[in-house]
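Colleague: Predicted model, plus sequence, below.
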There are 2 protein chains.
Amino acid sequence: MASNQANLPGDLQDQLVAGHQSPLGVTQTTTVALPGFITQSGFKFEAVEVNYQTLGTLAPARDNAILICHGLSGNAHVAGTNAQTGRPGWWDFHVGPGKAIDTDKFFVIATNALGGCNGTTGPGSINPHTGSPFGADFPRVTIGDMVQLQAKLLDHLGIETLFAVVGASMGGMQALAWAVDFPGRLRVCVPIATCTAHNAMQIAFNEIGRCAIVTDPDWNGGNYSEARFPAHGLAVARMVGHVTYLSELAMARKFGRRRQSEAADARQFSIESYLHHQGNSFVKRFDPNSYLCLTRAIDEFDLFEGAAAEEILGRVRARFLVISFTSDWLYPPAQSRELVRLLKRAGLAASYINLDSEYGHDSFLIENPPFADVLRHFLNGEHGLKAPKPATLAGGSSLK
Amino acid sequence: MASNQANLPGDLQDQLVAGHQSPLGVTQTTTVALPGFITQSGFKFEAVEVNYQTLGTLAPARDNAILICHGLSGNAHVAGTNAQTGRPGWWDFHVGPGKAIDTDKFFVIATNALGGCNGTTGPGSINPHTGSPFGADFPRVTIGDMVQLQAKLLDHLGIETLFAVVGASMGGMQALAWAVDFPGRLRVCVPIATCTAHNAMQIAFNEIGRCAIVTDPDWNGGNYSEARFPAHGLAVARMVGHVTYLSELAMARKFGRRRQSEAADARQFSIESYLHHQGNSFVKRFDPNSYLCLTRAIDEFDLFEGAAAEEILGRVRARFLVISFTSDWLYPPAQSRELVRLLKRAGLAASYINLDSEYGHDSFLIENPPFADVLRHFLNGEHGLKAPKPATLAGGSSLK
């Protein structure tokens, strides 16, 4: 497959900036302030800003909306060329006219997650009570809070029921939370490269990143400034994360033991330069407190916490497509298989595919025709089915 | 197997301190200054101190010496109770009377590696030209340098030929270097949980640790003091390392998603506390510059660098036992299998076993009867064979 010869995601992104033409052209995101949001922990925001993007057209029956949820470092700019940066959206490969998530057919909504740093309220936002950024005073948020906020946005947009929620990694946790928390508001659920709860190793890698941030002397208890910013800690956190997103094979093929330079005093390995580059780029675009906030939400997420899986899943009505990638060792396929086993035991419709890909966890971020095909066929097929309710919604016409 | 129910290595060590009685009783290490050592890079030490331990008795024929090489954070105190710390040696499980490496039969030598911080000359040693620690001025050292220094120690001890070199992880690289650099000075070689050269992912994890250290403001270009010591960076480096030494399964069984405390404000996961403990303990016993020096030596090691494997192995005469562990994802069994394939293609005698163990890379450090059995039978069996030379050395009497 041509896509399997592609470079690693980081490099691919750089290439895209240079020459990528999104079929969607330039796209925008919008920010809306939604009043009166209360987190699970009881923190009351007078208003929460949500940065979001919509693509395609909402059908008169309002039955074709797909919510896309991003991973840890993503944002609402899911597809099209960003007017400010000239970069394509993070899923431009998969979202657009005729693509896996077909904007000629579906109305796509993507939001930046609560607690993030790309337009939605997060630790870097101004606390109206102090006039300064929340910083360390930002409340703990949960995956459930992110989903509640997305539901409020749907209310604002006048969308009662989503056709689908699609998300990978942290976004996959949101997709699962949608199915449990709003069983009547989505027809299909597509959790990708994710799990129902982090295991100890997944928590461990996140905790190392958090530790690198909070032990950076410039962290200053979370109240850093641009002038004294915990850049070193955030870069190390990203380097740890980045390695866990890749696969041994992909790294061996791309970098092996090659040197950045053969000069005797600068015989750094290419993988080292690459990691430094990844760490340093991340520092320019991400907020350390958001990193702490979001990784904490991810680690705390437990779909079945304190209850039997059957009980929790008993209320779910969505039909599922669960996707994992063979070389993903951060969210290993065994976690997806276990999810599917539980879904099926609960009597839910669940398809599962473990896609052969050598790019590790990042497989969901790169051009990948087999992945696109699976997503396309499932979404188009499900959309062609008669919607269970309301009875006036009929599919079929949009089937290929 | 009872051993498979054991706690993780860190905890096990803590238990041992409390109640462990080494059959060897209290043992000591010795330090000797060896004059005139030149590194591969051309740095001339007027003298290098080597900290080492010997156990058992050198046979009159001087044919029963086994050199044991430690991993990254090990030391010369391989077995017996340390008089200062009360702790058992790091391989007390496997080295002692009647144990896998039987001190009733073999004369065991263990050295602290060049560049380390446990008695052998390293970055923390005093530079005689300045009267201050070498710090960042310590030369780059290689696995080959470590082995050369061990050879000088053997000269000092009057041992021409080793019966065996046994080492795991970084120590396994030393065992391989012994076989190549001193083909006439060892009969058998036992590389455990190691490889002939780090791949990109192995380098990446080390580089993250190095990056955490050198971006700690207290690193001060390597010229830190006890008062301003890059403790945070070293702790993060150790946390990264520690996670790579464990397996997902072992961490899930030991920690899962359990909390350190159920108090609402201190619901830290147990795995988080454990990692903090590992990081903070390491800071008390390890030198950041040694960490940089040794991980750099490990990453640079390439047994076949710039040559065909057949050519390098063509000069080797040792007989090999290669050991890997099924759950070791830092030094995956595939690397050991590839080593064995190359050894066999070169016409060398090589046995290989991939031991079923759930403890990841740390499997070599813990009580593990199947591992001990494999080591014992191989060493005793090989020692029972007629030594190829000199003709006066005969085995047989020591065979069970």
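Modeller: Arrived safely, thanks for sending.
Colleague: Confirm for me that A:Pro230 is in contact with A:Asp218.
Modeller: Yes: using C-beta atoms under 8 Å, A:Pro230 is in contact with A:Asp218, at 4.5 Å. Placement of C-beta: from N, CA and C, glycine included.
Colleague: Mind checking which of those two has more residues around it?
Modeller: Using other C-beta atoms under 10 Å in any protein chain shown as the criterion, A:Pro230 and A:Asp218 rank with A:Pro230 on top: 24 against 17.
Colleague: Identify the residues contacting the more buried one.
Modeller: By C-beta atoms under 8 Å, 6 or more residues apart in numbering or on different chains, A:Pro230 lies in contact with A:Ile213, A:Asp216, A:Pro217, A:Asp218, A:Trp219, A:Asn220, A:Tyr224, A:Pro288.
Colleague: Which pLDDT value does the model give the first one?
Modeller: The score at A:Ile213 is 98. That number is its pLDDT.
Colleague: Now do the SS call for the nearest residue to it once chain neighbours are set aside.
Modeller: In space, and not counting its chain neighbours, A:Ile213 is closest to A:Gly233: 4.0 Å by C-beta to C-beta, 6 or more residues apart in numbering or on different chains. With DSSP: H, G, I helix; E, B strand; the rest coil as the basis, A:Gly233 sits in helix.
Colleague: Test my guess that A:Gly233 contacts A:Asn220.
Modeller: No: between A:Gly233 and A:Asn220 there is no contact under C-beta under 8 Å: 11.3 Å.
Colleague: For those two, work out which one has more neighbours and name it.
Modeller: For A:Gly233 versus A:Asn220, the count of surrounding residues by other C-beta under 10 Å is larger for A:Gly233: 30 against 14.
Colleague: measure that one to A:Asp218 for me?
Modeller: Going from A:Gly233 to A:Asp218 by C-beta to C-beta, to the nearest Å gives 8 Å.
Colleague: anything in contact with each of A:Pro230 and A:Asp218?
Modeller: Jointly contacting A:Pro230 and A:Asp218 under the rule C-beta under 8 Å, 6+ apart are A:Tyr224.
Colleague: Which residue is the nearest non-sequential neighbour of A:Arg238?
Modeller: A:Arg238 sits nearest to A:Phe282 (C-beta to C-beta, 6+ apart), 3.9 Å away.
Colleague: List the contacts of the one you found.
Modeller: A:Phe282 neighbours (C-beta under 8 Å, 6+ apart): A:Ser73, A:Leu234, A:Ala235, A:Arg238.
Colleague: For the stretch 301-400 of chain A, just list every one of the helices.
Modeller: A:309-314, A:333-345, A:369-384 (DSSP state H, counting those that start in this stretch).
Colleague: closest one to A:Thr54 among the ones you listed?
Modeller: Proximity to A:Thr54 (C-beta to C-beta) singles out helix A:369-384 among the helices of the stretch 301-400 of chain A, at 17.0 Å.
Colleague: tell me what that closest one is packed against?
Modeller: Counting contacts by 3 or more C-beta pairs under 8 Å, 6 or more residues apart in numbering or on different chains; DSSP states H and E, helix A:369-384 packs against strand A:101-102, strand A:162-168, strand A:186-192, strand A:319-325, strand A:350-355.
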